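[1] turn this into a structure:
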Amino acid sequence: MAGHSATEKILALRSGKKEVFPGDVVVCDVDGIFVHSPWFFLSYWKEIGGVKRCFDPDKLILGLGHHVCLPADNRYANDLLEARKAAEKYGFKHLYDMGTGNGHIIMLEKGHVRSGYVYVGADSHSTIYGALGAFGTPTSYEVAEILLSGKAWFKVPSTVRVTMEAQPMKGVCARDVAQYVLATVGADGALMKSLDFSGSYIHSLSIYQRMIFSLLSVEMGAITGFIEPDEITRKFMDGRVRNPYEIVYNDPDCVFEKEWFVDVSKVEPMIACPPRPALTERVADIEKKDIKVHQAYIGGCTGSSVEDFEMAAEILRGRSIHPDTRLIIVPGTQDILKDMQRKGLIEFFTELGAIISPPYCGPCQLCCYGHLGEEEVMIGTHPRNQPGRAGVNGGIYLASPYTVAASAICGKITDPRRFL
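    All right, here's what the predicted structure looks like:
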């Protein structure tokens with residue numbers, strides 16, 4: 001009999017079983033719950049008995065600063081106020097308020113995620129936690145019930161794999177490769193599967209760049225995006241994760257349901273076109289269409305690390321932003337913001353005329369600012385471009401920090417290789 005995938009082994013460990021197989025239904029201990037908009041579940045939680053017990057207040061992480069850096073109206077302000085009161089009343093120990101940043105990145109930065117354990121989040125992009133070799137998957141109102149019991153049931157998924165080898169050409173980064181993988185696998189190519197990323201390329205990346213792949217797994221239909229831990233993973237967790245963790249690997253004789261192989265050296269700058277992330281093309285082809293860019297955005301959970309801003313600065317240094325284009329810079333978290341300050345990146349972007357935002361999701365959501373006019377076009381490093389993400393507009397394109405920066409210079413979608 002073939003060996004087990006890492007996902008199967010994690011679900012077996014956390015359900016107290018010797019082994020599990022794809023299709024089995026298991027009830028697992030949950031080791032962390034992320035909620036970015038707690039007002040959506042608090043009333044239901046109270047209704048079903050939450051005021052009387054919580055399985056472990058230490059395992060609920062509230063990210064109030066995920067979607068909201070500053071309330072745009074009284075409704076948001078009052079929602080935030082009620083969430084703060086609930087945290088104090090019920091003893092929830094981890095509340096990250098406005099200005100702290102993107103909750104998914106905070107979960108990893110602050111040591112709330114560790115290899116070999118199970119995490120859920122009231123957000124579809126909770127697949128991101130697989131970047132540390134954990135099982136991370138989205139839930140919705142079920143978080144209220146999980147918070148009562150500390151357990152969740154899962155149907156064990158089969159595992160599909162993407163293996164990436166070689167190194168990219170100049171002007172191509174992890175976001176380009178991830179978009180290429182998304183186009184290759186397709187919007188439903190990993191539907192209800194565990195998507196496993198492997199190969200020399202993925203293991204050459206920092207955790208922040210690996211997050212892009214795990215997070216975009218949900219755009220391929222996957223319920224989790226797993227990357228086997230290595231020394232880079234261990235170093236990231238050292239000093240962050242307070243509790244013991246368990247490294248879980250795929251068995252050597254594990255058989256994957258399907259495999260894709262990507263030669264990264266052949267990947268060119270890629271761009272997701274409206275109206276969905278999987279509609280990915282080469283930037284060189286879209287550049288020919290002469291598409292004007294009104295707003296360029298570097299931020300979001302797939303493009304707000306220091307590395308992403310350094311890539312953009314590499315293109316922008318010694319150049320200027322097009323007069324008809326706005327450049328918005330949104331650091332992912334306070335830790336990233338502080339690192340940017342130490343490296344002089346905040347001063348650099350400020351002198352360039354960019355708009356610097358407090359850490360949060362940015363104009364990926366209709367919560368604070370960055371809305372577009374009805375005919376305006378935006379290009380950004382964030383994960384989604386479905387209609388309505390930034391109001392009624394002329395379209396949203398998704399690309400790497402290199403491509404976004406090049407487009408901000410030219411005022412239209414531009415292949416960044418001309419500037420490198």
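
[2] what's the neighbour count on the closest residue to residue 173 other than its chain neighbours?
    In this structure, residue 173 finds its nearest non-sequential neighbour in residue 400, 5.0 Å apart by C-beta to C-beta, 6 or more residues apart in numbering. Heads up, the C-betas are built off the backbone N, CA and C, glycines and all. Using other C-beta atoms under 10 Å, residue 400 has 30 other residues around it.

[3] doesn't residue 177 make contact with residue 400?
    No: using C-beta atoms under 8 Å as the test, residue 400 is too far from residue 177 to be in contact (9.3 Å).

[4] please enumerate the helices of the stretch 51-200 of the chain.
    For the stretch 51-200 of the chain, applying DSSP state H, counting those that start in this stretch gives helices covering 74-90, 103-109, 142-149, 174-185.

[5] in a markdown table: the ones you listed, plus mean pLDDT and mean neighbour count.
    Shown next, in a markdown table, are these (pLDDT from 0 to 100; neighbours: other C-beta atoms under 10 Å):
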| stretch | mean pLDDT | mean neighbour count |
| --- | --- | --- |
| helix 74-90 | 91 | 15 |
| helix 103-109 | 98 | 26 |
| helix 142-149 | 90 | 19 |
| helix 174-185 | 98 | 25 |
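
[6] export those helices to a markdown table and tack on distance to residue 117?
    Below are these laid out as a markdown table (distance: least, C-beta to C-beta, whole Å):
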| stretch | distance to residue 117 |
| --- | --- |
| helix 74-90 | 23 |
| helix 103-109 | 12 |
| helix 142-149 | 14 |
| helix 174-185 | 24 |
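
[7] for residue 25, find the nearest of these.
    helix 142-149 (14.6 Å; C-beta to C-beta).

[8] which strands and helices lie in contact with whatever helix or strand residue 403 lives in?
    Here residue 403, judged by DSSP states H and E, is contained in helix 401-410. Contacting helix 401-410 under the criterion 3 or more C-beta pairs under 8 Å, 6 or more residues apart in numbering; DSSP states H and E are the following elements: helix 174-185, strand 295-298, helix 306-316, strand 377-380.

[9] gap between the third one and the chain center?
    Relative to the mean C-alpha coordinate of its chain, helix 306-316 is positioned 19 Å out (C-alpha atoms, centre = their mean, to the nearest Å).

[10] what of the first one?
    Taking the mean of its C-alpha atoms, helix 174-185 sits 14 Å from the chain's own mean (C-alpha atoms, centre = their mean).

[11] residue 401 against residue 173, yeah?
    Yes: when contacts are counted by C-beta under 8 Å, residue 401 is listed as touching residue 173 (7.1 Å).

[12] can you dump the C-alpha coordinates of the least confident helix or strand in the chain by mean pLDDT into PDB?
    Of all the helices and strands that make up the chain, helix 39-47 has the lowest average by mean pLDDT, DSSP states H and E, namely a mean of 82. What follows is helix 39-47, C-alpha atoms only, in PDB (Å, rounded to 0.1, in the frame of the first residue of the first chain):
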ATOM      1  CA  TRP A  39     -19.000  40.800  14.600                       C
ATOM      2  CA  PHE A  40     -20.200  38.300  12.000                       C
ATOM      3  CA  PHE A  41     -20.000  35.400  14.400                       C
ATOM      4  CA  LEU A  42     -20.200  36.800  17.900                       C
ATOM      5  CA  SER A  43     -24.000  37.000  18.000                       C
ATOM      6  CA  TYR A  44     -24.300  33.400  16.800                       C
ATOM      7  CA  TRP A  45     -21.600  32.300  19.300                       C
ATOM      8  CA  LYS A  46     -23.500  33.900  22.100                       C
ATOM      9  CA  GLU A  47     -26.800  32.300  20.900                       C
END
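
[13] other SSEs contacting it?
    Against helix 39-47 (3+ C-beta pairs under 8 Å, 6+ apart) you get helix 74-90, helix 142-149.

[14] out of those, nearest to residue 335?
    Nearest to residue 335, of the helices and strands packed on helix 39-47 and by C-beta to C-beta, is helix 74-90 at 21.4 Å.

[15] ends of stretch 152-164, how far apart?
    33 Å (C-alpha to C-alpha, to the nearest Å).

[16] check which residues of that stretch are buried.
    152, 154, 156-164 (16 or more other C-beta atoms under 10 Å).

[17] tell me the average confidence for it?
    The predicted model assigns stretch 152-164 a mean pLDDT of 98.

[18] same question for stretch 278-291.
    98.

[19] again with stretch 7-18
    98.

[20] what sits up against it?
    4, 19-22, 26-31, 116-118, 134-135, 154, 156-157, 159, 194, 196, 224, 226, 246, 248, 251 (C-beta atoms under 8 Å, 6 or more residues apart in numbering).
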